[in-house]
Structure formats: structure tokens, C-alpha cells
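S.K.: Whatever this is, show me its structure:
(chains A and B)
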Amino acid sequence: MRALDWLVVLVWVVWIVYDGLRRSKGTDKVEGYFLANRSLPWWAAGLSVMATQMSAVTMVGTTGQAYATGLRFVQLYFGLPLAMIILSLTVVPFFHRAKVYTAYEYLEQRFDVRTRSLASFLFLMGRAFSLGVTLAAPAVVMSTILDWQLPVTVLAICVPMIVYTTIGGVQAVAWTDVKQMFIVVGGMAAAVGILIYGITREVSFGHALQLAGATGRLKAIDFKFDVRETYTFWSGMLGGLFLMLSYFGCDQSQVQRYLTAKSIDEARQSLLMSAYVKIPLQLLILTTGVLVFVFYLFQTPPMLFNRTYDARVAASPRAAEYASLERDFGGAIAARRAAAARDDREAFLASDARVGDIRARAAALVKQATGDERYNDVNYVFPTFITTRMPIGLVGLMIAAIFAAAMSASGGELNALATATIIDFYRRHLVTQATDRHYLAASKLATISWGLFACVVAMFAANQGSLIEVVNRYGSLYYGSLLGVFILAILTKRATARGAFWGMLAGMTVVLTVAFSPWTSSIAFLWHNLIGAVVVVVVGMAISYMQKPDRIVATSVS
Amino acid sequence: MNRIREVRGLDDTPMTATYLSVMILEAAILIALWLFGRAFS
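M.R.: All right, here's what the predicted structure looks like:
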């Protein structure tokens, strides 16, 4: 990082914080603070929806995953467009007409306070931990680059984010999100340009694609039906559909984005923006990871991108073994480069497999030598490329993009956590009759408290495998159950409060059993969403039919 | 049509054409990805 790069990062961070605060007019009331007085244009709400989902985790984790396995991760999003259409037809008009602050508030209108509180509690627990992981991704990057201690990096990201979210509320979050999307897309496009320039100095672009394709990295679609495989066409279309329905329809961090829109139509348009753009955007990010792989076919990569334990391994009894692996790695890389250049497919694939084998042995050695079983390399691939291969100025731009992505995505989640805490618990159960000013002060205190909690989680989440998967795994434990209860609420007239409550508990119990039981833990996490939703609906309806209907209710079907 | 708008509300209009275009775009992307994967495997 040169001085110019630092300047770019500093200017960007100061600007988004300043501009976020400047745009926070009307936040002196709870509705302004949490819902921007339902006044945002569809495009701002839409970009905020996308930015809240596309955090720094996406930039760091997804590129690393594409480097390792190629484009297949995009299958996770195959269910998204259909999910957005379903949500536009169902929950969007319901939430808007009900004039709710949180999605869970609607559950009390439809069922009872018990169901609302349980759903909100599930959201709070899941989202609080996910927020920690969302913050951990850029902390990992910055710690590696700056050689800072992780807690220092976490605080450097958290403090500005907590400041503008606490003071500016949802408006500060939304307008920061808008800017984030522009710098992230611009940064990734710049990275792709640099990569293509670097690659085409060695081989033609067509040849580069052939090499990536030979290793299977351009095979985006896998039609095999295997519930143990995480990313297949079917897990994306079915499990992914349920994940997206749950995330965008029942997760307050997303629902709150489109509740800020002016009208039902504008809220729909804000969701449908993701339906059009999300898959192409993910392909851009994944393509970046694949191009980093191709780039390193002709440039010498480090044996391991995560150099955190270099000194410890060098000082350990396994140092000689590690040095031997590095020599082997150098030989394998040279052989792979030669095979790639002369277009010898068999030799190329053999040497690429050897490179992969040596990398795996090196990572295993690091784990054994340091005792850190959570050691991973995936999240360090793209940051290493940025800092060692990108030109001065652009390094700052990319780091600013990661920084901004982390802050704005986390800001949205933080704002949602505070909303659910105050609206669903504090105002509903603890202090039911107080002034708007009192609730506003409580909201700001809740924002600060959740921000500090997320900082602590982030410090422990930094090395938990591929970060993007960690977020989705956490979410999948409870998303399906949340979706199930909203299906009961919106699509059925017959479901009763008791059925919804016990159905939700049954869904959570089954999903946790499936996820952690040794017999079923091999089932890929995307299917947990489907399982949870189905169990809630089946158990909820069964219990509902065993009792008299609560009352006549309106549903979106009616 | 006016009656439908009256019932649904002025800010709640049918968006069938938009939904169709979303599905058509996704189908096109899936086909393109499949062909791309086959071409470079």
C-alpha cells in the first residue's frame, strides 16, 4: 500500500460517512429513523437491497471460491429471480398495506404475539452472528495487508459504520449502499480489465478460456441430483429458491430495505432490480476469481496465499518438510506453465493436479504445525492479487471497495437488528407507553450495542473456512423455519396461531437435527431451507386442523 | 381496468410483463452458461 492508495481509502471512507450523515434528514422520529418515512425512490431501495446482500464477504470469499472451484457457485442464485417474483406478488403488498416496521410485526396481526416474538428472536440470533462474519471478511483482508492485529482492523471498520448508522439511521445506510454498489462494480470491472491485460500478454484470451475450462472452472451448471453436493442446478433452483424467499421475504435486514420505498410498486421494482442484475453481477465476481487462477498459470503464485503462519512454520520442526514442499511446488508450477504455453492438455491437467496436491499437503502441514484446524487459504487469494499485482491507485480503490462493502452491508444489518429489538421486544413487551423521543434514543442505544456485539463475533469468525459459506450456513439453520411460518401466514386461511408457533419450533428442531446429526450432516446446507419450510408448513397445518380456526383472516390468495 | 386499480390501489399495478421478462432473461442466461461450459470443457 503506497501513500496514494491510502489517500484513496481515506477519502472514500470520510466521504461515505460524511454523506451518510448529511442525508439523514427526518430521522428525528422513529419512522424516519427506521423507514426513512417510506420515501426512498425504487432505485435507491433496490441498490440498497443488493448492497446489503453483496457485502465484502462476496468480494473476498466468492472470488477465492471461484479461484478454487470455478463458476459453479453461481448456481446458488438460480432461484433468486423466481423468488423475487413470488415475493413481489405476496409479501410486498402485505407488508406495505399492514404499515409494519418489521416483518415479524405482521405475524402478530395474523397469528399472535408469541409467534411474532419467536420469529423475531430467531432473526436476531441468526443475523447477529452473520453480521459478525460479514465484518470479519474485510478484517481478514486488512489484517493481512497492513499486518495489523485483527481486533484493531475490526474496530477500524466498525467504528465509522456504527457512527453513521447510529446517527443517520436507515437513510444513512441506504445512501451509503447506493455509493457502495458503484465502487464495488467499478472496482471489480477494473480488476477484470487488469487481469485480462495481464493474461493476454502471455496467451490469447481464447486459449486462456480453454485452460480454465480444461480444469472444469467454466462449468457453471451441474445437473447432477445429489443432496450432498452443495452447488448443483437443483440445489440452487429448489434449495436456493427457498433460501432467497426466506432471506428477501422474512429477514428484516432485507424487508426493511423495501419497506423504505414510496409505494407497493416501487418496493416491487426495488426487489426486481436484483432479479435482473444479481446473476450477472455474481458472474462478474466469479469470473474475476477464475481469471486470477488463469493469471497465476503464467505468473508464480505463492504456494499458500495465507501467509499468517510463515514464521511459525519456519521455526517449527516441520520447517524442512515445508521447504521441500515449496521446492516441489516451484517445479510443478514451472511444468504447468510450460504445458499451458504449448497447449499440452494432458500434461497441463497432470501438473495442475500436482500443484493442487502440493497446496493441500502444505495447508495440512500448516494446520499440524500450528494446531490451527480452521486455517484456510481461500479468502486470501483475491486480496493477495490486489496488493501484489494491481497498479498503484487501483489498490486503494479495491481496498476502499472492500471497506465500503463491509461498512454498508453491515450498516443495513445493524439497522435491522436495532429495529427488531426496539419494535418487536422493547416497545412491544418492556416499555409500551413512551414518547417517540424515548424510543428513538433507545433505538440508537440498541444500534450501538449490536454493533459492539458484532465486533466481538467478528474477531472469532475470521478463520472459519470460506466466509461466504459461513454466512449462508448460519442463515440456513433458521431461514427455512421463518419462511414456513410466513407461508402459513400469507398463503393459508386455515393456519392457527398455535399451529404456526409449534410448527416453527418443529422446523427449527428438525433442521438443527439434520445439520448436526452424524447420519444427515452430509446433506448440503441449501436443502436445510427447504426442509425447514416444509416441516413448519406440514406440522403447522396438522396442528391447525386439530383445532378450531382462530378467526377469519385475509390472505394474499384471497 | 379502472375498477381493478380502484380495488388494488393506485400504487399496486399488475407487473406481468416485467415478471415474464425476468424469467426470459434467466432462461437465456442459463442456456448461455450451459453452452459456455460445454464449449470450454
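S.K.: Can I get stretch A:275-295 as CSV, trimmed to CA atoms?
M.R.: C-alpha atoms of stretch A:275-295 as CSV (Å, rounded to 0.1, in the frame of the first residue of the first chain):
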residue,chain,number,x,y,z
ALA,A,275,-33.9,-10.4,-10.2
TYR,A,276,-32.4,-8.7,-13.3
VAL,A,277,-28.9,-7.9,-12.1
LYS,A,278,-27.9,-10.4,-9.4
ILE,A,279,-26.8,-13.4,-11.5
PRO,A,280,-24.8,-11.3,-14.0
LEU,A,281,-23.1,-9.5,-11.1
GLN,A,282,-22.2,-12.7,-9.4
LEU,A,283,-20.8,-14.0,-12.7
LEU,A,284,-18.6,-10.9,-12.9
ILE,A,285,-17.3,-11.6,-9.4
LEU,A,286,-16.8,-15.3,-10.0
THR,A,287,-15.2,-14.6,-13.4
THR,A,288,-12.7,-12.4,-11.6
GLY,A,289,-11.7,-15.4,-9.4
VAL,A,290,-11.4,-17.7,-12.4
LEU,A,291,-9.2,-15.1,-14.2
VAL,A,292,-7.0,-14.8,-11.1
PHE,A,293,-6.5,-18.6,-11.5
VAL,A,294,-5.6,-18.2,-15.2
PHE,A,295,-3.3,-15.2,-14.4
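S.K.: Pull out the buried residues from it.
M.R.: For stretch A:275-295, burial by neighbour count (16 or more other CB atoms under 10 Å in any protein chain shown) applies to A:275-279, A:281-283, A:285-295. For glycine as for every other residue, the C-beta is placed from the backbone atoms N, C-alpha and C.
S.K.: Please flag which of the residues you listed sit within helices.
M.R.: In this view, these that belong to helices under DSSP state H are A:275-279, A:281-283, A:285-295.
S.K.: The helix-or-strand element of chain A with minimal mean pLDDT - contacts with which helices or strands?
M.R.: Within chain A, confidence by mean pLDDT, DSSP states H and E is lowest for helix A:56-57 among all helices and strands, at a mean of 75. In terms of contacts (3 or more CB pairs under 8 Å, 6 or more residues apart in numbering or on different chains; DSSP states H and E), helix A:56-57 is packed against helix A:113-146, helix A:394-419, helix A:467-491.
S.K.: For residue A:180, which non-adjacent residue is spatially closest?
M.R.: residue A:408 (4.2 Å; CB to CB, 6 or more residues apart in numbering or on different chains).
S.K.: ok, how many other residues are close to that neighbour?
M.R.: When neighbours are defined as other CB atoms under 10 Å in any protein chain shown, residue A:408 has 32 of them.
S.K.: what's the answer for residue A:419, then?
M.R.: 28.
S.K.: so what's it up against?
M.R.: A:34, A:101-102, A:252, A:256, A:443 (CB atoms under 8 Å, 6 or more residues apart in numbering or on different chains).
S.K.: Which single residue in chain B comes nearest to chain A?
M.R.: residue B:40 (2.9 Å; CB to the nearest CB).
S.K.: Could you verify my assumption that that residue touches residue A:210?
M.R.: Yes: using CB atoms under 8 Å, residue B:40 is in contact with residue A:210, at 6.1 Å.
S.K.: Common neighbours of these two, please.
M.R.: Shared contacts of residue B:40 and residue A:210 (CB under 8 Å, 6+ apart): none.
S.K.: How far does the helix or strand just after the least confident helix or strand of chain A sit from its chain's centre?
M.R.: Per DSSP states H and E, the first helix or strand lying C-terminal to helix A:56-57 is helix A:63-69. Per CA atoms, centre = their mean, to the nearest Å, the displacement of helix A:63-69 from the mean C-alpha position of its chain is 15 Å.
S.K.: Against which helices or strands is helix A:63-69 packed?
M.R.: Using 3+ CB pairs under 8 Å, 6+ apart: helix A:63-69 touches helix A:264-298, helix A:381-389.
S.K.: Let me have the ones you listed in TSV, adding distance to residue A:83 as columns.
M.R.: Converted to TSV, the helices and strands packed on helix A:63-69 look like this (distance: least, CB to CB, whole Å):
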stretch	distance to residue A:83
helix A:264-298	8
helix A:381-389	28
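S.K.: Going by mean pLDDT, which of these comes out lowest?
M.R.: When the helices and strands packed on helix A:63-69 are compared by mean pLDDT, helix A:381-389 comes last with a mean of 89.
S.K.: Report the distance from it to the chain centre.
M.R.: The answer for helix A:381-389 is 21 Å, by CA atoms, centre = their mean.
S.K.: same deal with stretch A:393-413?
M.R.: On CA atoms, centre = their mean, the centre of stretch A:393-413 falls 14 Å from the chain's centre.
S.K.: for it, which positions count as buried?
M.R.: For stretch A:393-413, by 16+ other CB under 10 Å, it's A:394-413.
S.K.: for stretch A:333-350, same thing?
M.R.: Neighbour-count burial for stretch A:333-350 [16+ other CB under 10 Å]: A:333, A:335-337, A:339-340, A:348-349.
S.K.: what's the closest of those residues to chain B?
M.R.: residue A:349 (12.0 Å).
S.K.: Tell me if I am right that the closest one is in a helix.
M.R.: Yes: according to DSSP: H, G, I helix; E, B strand; the rest coil, residue A:349 belongs to a helix.
S.K.: so residue A:65 sits right up against residue A:288, yeah?
M.R.: No: with contact defined as CB under 8 Å, residue A:65 does not reach residue A:288; the gap is 11.2 Å.
S.K.: For the helix or strand harbouring residue A:188, what does the pLDDT average out to?
M.R.: Take DSSP H and E as the rule and residue A:188 turns out to sit in helix A:150-200. Mean pLDDT, computed over helix A:150-200, is 89.
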